[in-house]
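> sequence below, structure please.
(one chain, ligands or ions: 1)
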Amino acid sequence: MDVRFFEGPEFAKGHGTQNDFVVLPDPDGELKLTDAHVRALCDRRRGFGADGVLRVVPTAAIPDAPADLHPDVWFMDYRNADGSIAEMCGNGVRVFARYLVDSGLVTGTEFPVGTRAGLRQVRTHSDGGSTVDMGAANVFGESAATLAGRDFPGLAVDLGNPHLACVTDADLDALDLAESPAHDSEVFPNGVNVEFVRPTGPGRVRMRVHERGVGETRSCGTGTVAAAVAALRADGETTGSRTVDVPGGTVQVEVTGVTTLLTGPAVLVGGGRIDAGWWRQLAGG
Ligand SMILES: N[C@@H](CCC[C@H](N)C(=O)O)C(=O)O
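Just a heads-up that it's a prediction; the model follows:
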């Protein structure tokens, strides 16, 4: 078989609770990844289809990496499907960790991952999933999202990236998240990920999310942490745990006095090489 089209950059495809990503290994930091590349890769008709791209690159190759990260740490260079850069991705970091382990780039079951939000410590499990120390959830106020003329009060939560977690008794299935929820741009000057969270039983909530730079996704890891924090507060608590059901699966969130922990699955579905001609064409336009 003629396989000349296997001459472009390597890739893998994976997901965490169906929040899906194209993984691009770039061990020498040489890949020129433009917004056009990201948009095309993530397009579900003209590309592979994904909610985002995870470039696997040494921290040394990232000029805007936090200064306290060791240059040798593997850095998750995350892009949303629209090409925009985000600080952190909770499902992405598990897929990223799974890629590091399966490709032999790290050994052992516990290791750090560099992100624009800082270092994230990951503990991988034998089932392929992992627990990520997501850092402290910084609640910075209250705000509201407006969807189809209805206001949803919520908690503004910073997990490296911005969230508005709205605990509601609304029928989540009835929400039209094709529409972007309106938000207060003074509270969220850089945009926001909006979670709609409905308690479903003791210690359990359901969540749907509209992600900044993507649209509705089937899961958002940082969003589930924001949802758990908001659900705990709604119950008069600031620490504890919540099981969060999202359209793409289920994750566990633990909120302690100092940090938050996110546990969930990570799946790699395959990989190969991108067509070199297609890649070059995108670089030009
Ligand atoms: N899906 C992610 C969050 C990705 C970034 C987000 N869209 C943003 O722009 O902040 C997750 O799993 O956390």
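> contacting residues around the residue nearest to residue 191 when sequence neighbours are not counted?
Nearest non-adjacent residue to residue 191, counting by Cβ to Cβ, 6 or more residues apart in numbering: residue 212, 4.3 Å away. No exception for glycine: its C-beta is placed from N, CA and C like everyone else's. Residues near residue 212 by Cβ atoms under 8 Å, 6 or more residues apart in numbering: 80, 84, 86, 161-162, 191-193.
> from these, list the ones also adjacent to the ligand.
Residues shared between the contacts of residue 212 and the neighbourhood of the ligand are 80, 86, 161, 193 [Cβ under 6 Å from any ligand atom].
> reformat the residues you listed as JSON lines; add neighbour count, distance to residue 105 and secondary structure.
Output for those, formatted as JSON lines (neighbours: other Cβ atoms under 10 Å; distance: Cβ to Cβ, whole Å; DSSP: H, G, I helix; E, B strand; the rest coil):
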{"residue": "80", "neighbour count": "24", "distance to residue 105": "24", "secondary structure": "strand"}
{"residue": "86", "neighbour count": "24", "distance to residue 105": "22", "secondary structure": "coil"}
{"residue": "161", "neighbour count": "27", "distance to residue 105": "25", "secondary structure": "coil"}
{"residue": "193", "neighbour count": "26", "distance to residue 105": "28", "secondary structure": "strand"}
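> can you tell me how far residue 48 sits from residue 206?
29 Å (Cβ to Cβ, to the nearest Å).
> spell out which residues of the stretch 51-200 of the chain are next to the ligand.
For the stretch 51-200 of the chain, the residues in contact with the ligand (Cβ under 6 Å from any ligand atom) are 52, 80, 86, 89-92, 161, 193.
> quick one: those as a markdown table, columns for pLDDT too.
Formatted as a markdown table, those follow (pLDDT from 0 to 100):
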| residue | pLDDT |
| --- | --- |
| 52 | 98 |
| 80 | 98 |
| 86 | 98 |
| 89 | 98 |
| 90 | 98 |
| 91 | 98 |
| 92 | 98 |
| 161 | 98 |
| 193 | 98 |
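> so stretch 15-34, near the ligand or not?
Yes: with Cβ under 6 Å from any ligand atom as the criterion, the ligand is reached by stretch 15-34 at residue 19.
> sorry, back to before: among the residues of the stretch 51-200 of the chain next to the ligand, list the two that are farthest apart in space.
Comparing every pair within these by Cβ to Cβ identifies 80 and 90 as the most remote, at 13.8 Å.
> and the helices in the protein, which stretches?
35-42, 90-102, 221-234, 276-284 (DSSP state H).
> can you put those helices in JSON lines and add mean neighbour count and distance to residue 168?
Formatted as JSON lines, those follow (neighbours: other Cβ atoms under 10 Å; distance: least, Cβ to Cβ, whole Å):
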{"stretch": "helix 35-42", "mean neighbour count": "21", "distance to residue 168": "29"}
{"stretch": "helix 90-102", "mean neighbour count": "26", "distance to residue 168": "22"}
{"stretch": "helix 221-234", "mean neighbour count": "27", "distance to residue 168": "10"}
{"stretch": "helix 276-284", "mean neighbour count": "13", "distance to residue 168": "41"}
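> residue 66 is nearest to which of those helices?
Residue 66 lies closest to helix 90-102 among the helices of the chain, at 14.9 Å (Cβ to Cβ).
> leaving out sequence neighbours, find the closest residue to the spatially most central residue of the chain.
In the chain, the centroid-proximal residue (Cα atoms, centre = their mean) is residue 89; its distance is 2.7 Å. The shortest distance from residue 89 to any non-neighbouring residue, by Cβ to Cβ, 6+ apart, is to residue 78 (4.8 Å).
> now do the contacts for the one you found.
52-55, 85-89, 92, 115-116 are the contacts of residue 78 under Cβ under 8 Å, 6+ apart.
> please pick the buried ones from those residues.
Using 16 or more other Cβ atoms under 10 Å as the burial test, those include 52-55, 86-89, 92, 115-116 as buried.
> mean pLDDT lowest where, among the helices of the chain?
Among the helices of the chain, helix 276-284 carries the lowest mean pLDDT, at a mean of 91.
> domains in the protein, by residue range?
Domain assignment of the chain by automatic domain parsing yields the ranges 10-134+266-284, 138-258.
> other SSEs contacting the helix or strand of the chain with the lowest mean pLDDT?
The weakest-scoring helix or strand in the chain, judged by mean pLDDT, DSSP states H and E, is helix 276-284 (a mean of 91). Counting contacts by 3 or more Cβ pairs under 8 Å, 6 or more residues apart in numbering; DSSP states H and E, helix 276-284 packs against helix 35-42.
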